[in-house]
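*Asks:* below is the sequence, then the predicted model.
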Amino acid sequence: MAINLQGDKAEQSFRVRCAECLDGGEKMEECLKKKEMAPTTKPVKQNQPDEPTKENDSEESDDSEKKFQSQLQSESWKAKHEAGSELALAYELFIVTENVKWSDVAGLGGAKEALREAVILPIKSPHLFTGRRTPWGGVLLFGAPGTGKTYLARAVATEARGSTFSVSSSDLMSKWLGASRKLMMNLFRLAREHKPSIIFIDDIDLLCGSGDKAEFLAQMQDVRNANEGILVLGATSIPWTLDPAIRKRFAKRIYIPLPEECARSIMFKRMLGSARNTLTESDFATLGQKTEGYSGADISCIVRDAMMQPLRMVQSATHFKRVRGSVWNMPSQVVDDLWTPCSPEDPDCVEMTWMDIQDDKLQEPVVSMSHMLMCLSKAKPTVNEQDLEQFKKFMEDFGQEG
């Protein structure tokens, strides 16, 4: 669970609240420890002169003492749990600053435009939404897994420059009766205190399928009626499991499709990052053509596997040669005593293994197009045609294409 608070005043007030919560929890734990460590004294029963001593007196006192200790622990746990559910968000939330821009999201032009209208514009220019022109209270992002729904929400948090509460459905669910309801109430209360704010809930379908759906519906209805500068942004990979009441709260439903060919080429290039490679622009275009039906997560797995190929070459190599290159932690410094794997037929080769080389003198080979194609031949997409048909049908019935 994460929070992005904009403004020094909001951040300071939240930090003070978290500190108070933590202090209260620590004091409660110390009190419980003292009670556990305190020596227990058994009551001594004085026998009357005419009353005979009973052999089961000690057993009765032991039973009563165990019963009292059990009741005390139960009451202490109950108080601690009630306080914990009241302050659980303070323990689990932490302040982060998202730094994902619209330009970092490849493709999805329609989804970006819809989110600018539904999220960015009401927060940046609230004076434009007066009278019967009101902003959306809930926006749902739905699509196949790995298409960038969460990444797109991070970009929204950066561009909106408001207070952003990012949670997963599991953060708001508890097996204890009433705890989930309190967590949800505290989340929306914090959002109201730091408005304008965005609440992003990932895997919203899990939350809506739990027994606390009524509280979520009530909070969403309050947000919709009050029009108080709070937007709930939900994401799901199985939108057809949402009932009509949930769809009503998320009036704006945007479909996040699989990346197009151009977007896939850009993803390959960006995911390689600063890794040494020999790929050209035509190579990236070829990879984009060959990955039809692959999601962004699938492409990420292919690139990660391809970047491991040079390391596998290092592990299996039996011959190395000296090369000239930059020091790994000082790119501006060039040395001549680095070692890289080579063929046994190379005239400069030396028979050794990577274990015989000094740690900072080992240079891995560059990532090549052959590495990419080899990893692509072994990788399969996680989404099939039947899954895409379900998303398209839901989009045609209830959604909007992104």
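*Replies:* Everything's here; your move.

*Asks:* low-confidence bits of the stretch 201-350 of the chain, can you list those?
*Replies:* 209-212, 226-228 (pLDDT under 70).

*Asks:* could you pull out the strands in it for me?
*Replies:* 230-236, 252-255, 319-327, 330-341, 350-351 (DSSP state E, counting those that start in this stretch).

*Asks:* most tightly packed of those?
*Replies:* strand 230-236 (a mean of 26; mean count of other C-beta atoms under 10 Å). Any C-beta I mention is one placed from the backbone N, CA and C, and that applies to glycine too.

*Asks:* off-centre distance for that strand?
*Replies:* With C-alpha atoms, centre = their mean, to the nearest Å as the basis, strand 230-236 stands 14 Å off its chain's centre.

*Asks:* okay, it in PDB with CA atoms only?
*Replies:* Presented in PDB, the C-alpha positions along strand 230-236 are these (Å, rounded to 0.1, in the frame of the first residue of the first chain):
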ATOM      1  CA  ILE A 230     -12.000  12.400  -4.800                       C
ATOM      2  CA  LEU A 231     -11.700  10.000  -7.600                       C
ATOM      3  CA  VAL A 232     -11.600   6.200  -7.300                       C
ATOM      4  CA  LEU A 233      -9.500   4.500 -10.000                       C
ATOM      5  CA  GLY A 234     -10.000   0.700 -10.100                       C
ATOM      6  CA  ALA A 235      -8.200  -1.900 -12.200                       C
ATOM      7  CA  THR A 236      -9.300  -5.500 -13.000                       C
END
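
*Asks:* domain-wise, how is the chain divided?
*Replies:* Per automatic domain parsing, the domain ranges recorded for the chain read 102-258+393-401, 261-381.

*Asks:* tell me which of those domains is the most buried.
*Replies:* Taking mean count of other C-beta under 10 Å, domain 102-258+393-401 is the most buried of the domains of the chain, at a mean of 19.

*Asks:* in contact with Leu108, which residues?
*Replies:* Gly148, Leu152, Ile256, Pro257, Pro259, Ala263, Gly402 (C-beta atoms under 8 Å, 6 or more residues apart in numbering).

*Asks:* on that earlier part again, so which of the domains of the chain is nearest Arg17?
*Replies:* Smallest distance to Arg17 across those (C-beta to C-beta): 8.7 Å, for domain 102-258+393-401.

*Asks:* the contacts of Leu108 in helices, which ones?
*Replies:* Judged by DSSP state H, these include Leu152, Ala263 as members of helices.

*Asks:* now distance to Trp136 too, for the contacts of Leu108, in CSV please.
*Replies:* CSV is the format used below for the contacts of Leu108 (distance: C-beta to C-beta, whole Å):
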residue, distance to Trp136
Gly148, 20
Leu152, 16
Ile256, 17
Pro257, 21
Pro259, 25
Ala263, 26
Gly402, 15
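
*Asks:* so the residue found closest to Tyr255 once you drop the neighbours it is linked to in the chain, which state does it fall into?
*Replies:* Residue nearest to Tyr255 in three dimensions, not counting chain neighbours: Met395, with 4.2 Å by C-beta to C-beta, 6 or more residues apart in numbering. Secondary structure, DSSP: H, G, I helix; E, B strand; the rest coil: Met395 is helix.

*Asks:* got a pLDDT number for Met395?
*Replies:* At Met395, the model reports a pLDDT of 87.

*Asks:* same thing with Thr40?
*Replies:* On the pLDDT scale, Thr40 gets 53.

*Asks:* swap in Pro49?
*Replies:* 46.

*Asks:* could you do Ile3 as well?
*Replies:* 57.

*Asks:* and Leu152, by the same measure?
*Replies:* Listed pLDDT for Leu152 reads 87.

*Asks:* can I assume Trp354 is in contact with Ser316?
*Replies:* No: using C-beta atoms under 8 Å, Trp354 is not in contact with Ser316; the gap is 9.2 Å.

*Asks:* make CSV from the domains of the chain and add distance to Asp387 to it.
*Replies:* Listed next are the domains of the chain as CSV, based on distance: least, C-beta to C-beta, whole Å:
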stretch, distance to Asp387
domain 102-258+393-401, 6
domain 261-381, 10
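
*Asks:* among those domains, which is nearest Glu30?
*Replies:* domain 102-258+393-401 (23.3 Å).

*Asks:* from the chain's centre, how far out does that closest one sit?
*Replies:* Relative to the chain's own centre, domain 102-258+393-401 is displaced by 15 Å; criterion: C-alpha atoms, centre = their mean.

*Asks:* stretch 390-401 too?
*Replies:* 26 Å.

*Asks:* name the residues that touch it?
*Replies:* Under C-beta under 8 Å, 6+ apart, the answer for stretch 390-401 is 110, 114, 140, 142-144, 239-240, 247, 252-255, 257.

*Asks:* out of the domains of the chain, which gets nearest to Arg15?
*Replies:* Nearest to Arg15 among the domains of the chain is domain 102-258+393-401 (12.3 Å), distances taken as C-beta to C-beta.

*Asks:* Val323 pairs with what?
*Replies:* Bridge pairing for Val323 (DSSP bridges) gives the partners Leu338.

*Asks:* over to the one 4 residues further on?
*Replies:* The residues paired with Val327 through beta bridges, assigned by DSSP bridges, are Met330.

*Asks:* quick check: it vs Pro344, distance?
*Replies:* 28 Å (C-beta to C-beta, to the nearest Å).

*Asks:* on that earlier part again, how about the strands of the stretch 201-350 of the chain in CSV, adding distance to Gly162?
*Replies:* What follows is the strands of the stretch 201-350 of the chain, written out as CSV (distance: least, C-beta to C-beta, whole Å):
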stretch, distance to Gly162
strand 230-236, 9
strand 252-255, 17
strand 319-327, 42
strand 330-341, 38
strand 350-351, 60
